[in-house]
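[1] Provide a 3D model corresponding to the input given below.
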Amino acid sequence: MITKDSDFVDSFTLHRKPYKLLLISTGNIKNADLETLLLKNIDDIVGGFEAHDYIEMSRTVLIIHV
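    Below you'll find the predicted structure:
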C-alpha cells in the first residue's frame with residue numbers, strides 16, 4: 001500500500017496489515033513532483049521491499065524500517 005496517511009503505520013505495527021507499506025511523508029506536494037520523486041527512488045523502493053515490509057519516503061531520504 002502506498003499512502004500519506006500515518007494511521008496505516010499503527011495498523012501495520014500492530015497487525016502487520018497491510019502486508020507492505022510505503023509511507024509518503026513529504027507533506028503537501030504536487031502530483032508531478034511526487035511522480036518524479038517516486039520514479040527517482042523506484043529501484044531503491046523495489047529493492048527495499050524484497051527484504052523489508054515498511055518503507056518511508058520523504059522529499060530527501062528513503063527510510064527502510066526494520
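[2] From now on I want contacts and neighbour counts done on CA atoms only, so please keep to that.
    Noted.
[3] Name the residues that touch the helix or strand harbouring E50?
    According to DSSP states H and E, E50 maps onto helix 31-51. Residues outside helix 31-51 that contact it (Cα atoms under 8 Å, 6 or more residues apart in numbering): K20, I55, R59, L62, I64.
[4] Separate out the buried members of those residues.
    I55, L62, I64 (16 or more other Cα atoms under 10 Å).
[5] so of the residues you listed, which ones are in strands?
    The members of these that map onto strands under DSSP state E are I55, L62, I64.
[6] can you pull the contacts of the last one?
    I64 makes contacts with G48, H52, Y54, I55, E56, as judged by Cα under 8 Å, 6+ apart.
[7] Would you mind pulling the contact partners of the lowest-mean-pLDDT helix or strand in the chain?
    Here the helix or strand of the chain ranked lowest by mean pLDDT, DSSP states H and E is helix 7-15, holding a mean of 91. For helix 7-15, contacts defined as Cα under 8 Å, 6+ apart pick out K17, P18, Y19, L21, L23.
[8] So the fourth one is in contact with M57, correct?
    No - under the criterion of Cα atoms under 8 Å, L21 lies out of contact with M57, with a separation of 10.7 Å.
[9] picking that back up, what's the farthest-apart pair in the contacts of helix 31-51?
    The distance between the two most remote of these (Cα to Cα) is 20.3 Å, for K20 and R59.
[10] Report the contact partners of the spatially most central residue of the chain.
    For the chain, the residue nearest the mean C-alpha position is L22 (2.3 Å; Cα atoms, centre = their mean). For L22, the contact set (Cα under 8 Å, 6+ apart) comprises M1, I2, T3, Y54, I55, E56, M57.
[11] are any of those buried, and which?
    Y54, I55, E56, M57.
[12] before we move on, the earlier item: relative to the very next helix or strand once past the least confident helix or strand of the chain, what are the paired strands and their orientations?
    Per DSSP H and E, the first helix or strand lying C-terminal to helix 7-15 is strand 21-24. Strand partners for strand 21-24, identified by DSSP bridges, are recorded as strand 2-3 (parallel), strand 54-57 (parallel).
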